[in-house]
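[1] Requesting a structural model of the entry that follows:
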Amino acid sequence: MYRSSFLREVRKEKYERSDAYDELRGSPEFDSLAQARGLENLQELNERFASYINRARVLEQRNAILRKQLETFQRMDQLVGLDEAFAGQIEFNRQRMRELASDRAKLEREEKDAQRMLDEYRNKYRNEREYQQKLKETLERLNKKYLLIGTI
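    As a prediction, the model looks like this:
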């Protein structure tokens with residue numbers, strides 16, 4: 001369809017130009033007009049060529065996608081059946097879920113143990129700080145008593 005309409009346009013253009021071409025051939029305006037038309041034709045061809053290249057790229061991308069899909073379907077056909085393939089995948093995912101659940105439970109236990117140890121260390125630190133404070137106060141009191149006794 002496109003080729004026939006293109007041929008029709010080319011014939012129409014040749015017919016329209018045939019009379020004007022003979023009349024203008026000898027004039028100086030003919031050279032500039034011919035150059036302008038030549039540039040327009042080149043620009044048009046360049047644009048069409050660029051659109052063909054873009055279309056070819058798009059088709060190549062689609063072709064690559066379709067090839068990958070075909071390879072996937074061929075691999076699936078190699079398996080005994082689609083149901084078995086999905087059943088195997090589901091079983092694998094269930095096994096993975098069980099492993100992750102056990103890992104999660106283990107990590108939660110470790111977190112509780114770490115939290116308990118942290119609380120113990122905080123309490124020990126607080127007790128030690130209070131004990132150090134009491135010792136400091138006792139030392140200060142003893143120093144004051146000693147200074148008082150020494151001055152007497």
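
[2] Do me a favour and average the pLDDT over the helix or strand containing A56.
    Secondary structure from DSSP states H and E places A56 in helix 28-78. Averaging pLDDT along helix 28-78 gives 82.

[3] same question, stretch 124-140
    For stretch 124-140, mean pLDDT rounds to 95.

[4] And that stretch, how far out from the chain middle?
    58 Å (C-alpha atoms, centre = their mean, to the nearest Å).

[5] Show me what counts as buried in that stretch.
    Neighbour counts using 16 or more other C-beta atoms under 10 Å place no residue of stretch 124-140 among the buried ones. From N, CA and C alone the C-beta is placed, and that goes for glycine too.

[6] before we move on, back to that, after the helix holding A56, which helix or strand is next?
    helix 82-151.

[7] send the alpha carbons of stretch 128-144 over as PDB?
    C-alpha atoms of stretch 128-144 as PDB (Å, rounded to 0.1, in the frame of the first residue of the first chain):
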ATOM      1  CA  GLU A 128      28.800   0.900  90.800                       C
ATOM      2  CA  ARG A 129      28.300   4.600  90.300                       C
ATOM      3  CA  GLU A 130      26.300   4.900  93.500                       C
ATOM      4  CA  TYR A 131      28.900   2.900  95.400                       C
ATOM      5  CA  GLN A 132      31.700   5.100  94.000                       C
ATOM      6  CA  GLN A 133      29.700   8.200  95.000                       C
ATOM      7  CA  LYS A 134      29.300   6.900  98.500                       C
ATOM      8  CA  LEU A 135      33.000   6.100  98.700                       C
ATOM      9  CA  LYS A 136      33.800   9.600  97.500                       C
ATOM     10  CA  GLU A 137      31.500  11.200 100.100                       C
ATOM     11  CA  THR A 138      32.900   8.900 102.800                       C
ATOM     12  CA  LEU A 139      36.500   9.900 101.800                       C
ATOM     13  CA  GLU A 140      35.500  13.600 101.900                       C
ATOM     14  CA  ARG A 141      34.000  13.200 105.300                       C
ATOM     15  CA  LEU A 142      37.100  11.400 106.600                       C
ATOM     16  CA  ASN A 143      39.300  14.100 105.100                       C
ATOM     17  CA  LYS A 144      37.300  16.800 106.900                       C
END
